[in-house]
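**Q** My questions are about this predicted structure, shown below with the sequence.
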Amino acid sequence: MEECIFCSIASGRQPARIVHQDDLVTAFWDIRPVAPTHILIIPNIHIASMLSLSPNHQDILGYMLSIVPAIACDQGLDKNGFRVVINTGPDAGQTVDHLHLHLIGGRRMSFGFE
Ligand code: AMP
Ligand code: ZN
């Protein structure tokens with residue numbers, strides 16, 4: 001069976017522009033950025049989507065959010081701000097079935113839903 005692409009990135013089998021990695025999470029540049037800064041933050045363990053979350057995951061989810069400020073500051077996004085997005089399922093446009101948080105910044109964004 002083909003391995004999940006984000007599991008491969010977390011384990012180092014698939015190359016990526018990694019900006020942060022520790023025991024719990026990996027953060028790397030999106031291959032098709034929608035803004036000057038577009039970084040994905042993933043848990044190193046496979047969680048398919050937000051729908052798979054339960055209270056057992058509160059530590060990992062809290063941790064994923066808690067490292068956003070450090071990564072955002074590293075990327076110079078603290079001055080003008082940024083957006084954090086989690087797409088879930090086909091209607092939201094989720095294309096990779098491994099939970100990921102998009103950290104997007106570096107340009108002005110509207111609050112439009114296409
Ligand atoms: P989503 O549409 O929310 O599932 O987001 C998946 C994101 O993963 C998209 O923005 C893709 O550009 C990105 N992506 C897919 N494959 C890779 C990869 N190998 N390295 C980095 N980003 C990727
Ligand atoms: Zn995975």
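**A** Noted; the coordinates are in hand. Residues are numbered from 1 along each chain as shown. Ligands and ions are numbered 1, 2, ... in the order given.

**Q** Sketch out the helices for this protein, chain order is fine.
**A** Using DSSP state H, the helices of the chain run over residues 5-11, 58-66, 68-74.

**Q** Give me whichever of those is most buried.
**A** helix 5-11 (a mean of 18; mean count of other CB atoms under 10 Å). C-betas here are computed from N, CA, C, even on glycine.

**Q** residues in contact with that one?
**A** 14-16, 18, 21, 26, 28, 40, 42-44, 46, 96, 98, 100 (CB atoms under 8 Å, 6 or more residues apart in numbering).

**Q** And stretch 18-36, by the same measure?
**A** 9-10, 16-17, 38-44, 60, 63-64, 67, 70-71, 74-75, 102-107, 109.

**Q** quick one: low-confidence ranges for the chain?
**A** The model of the chain has pLDDT under 70 over residues 1, 113-114.

**Q** need the longest strand for it.
**A** With secondary structure taken from DSSP state E, the chain has its longest strand at strand 37-43.
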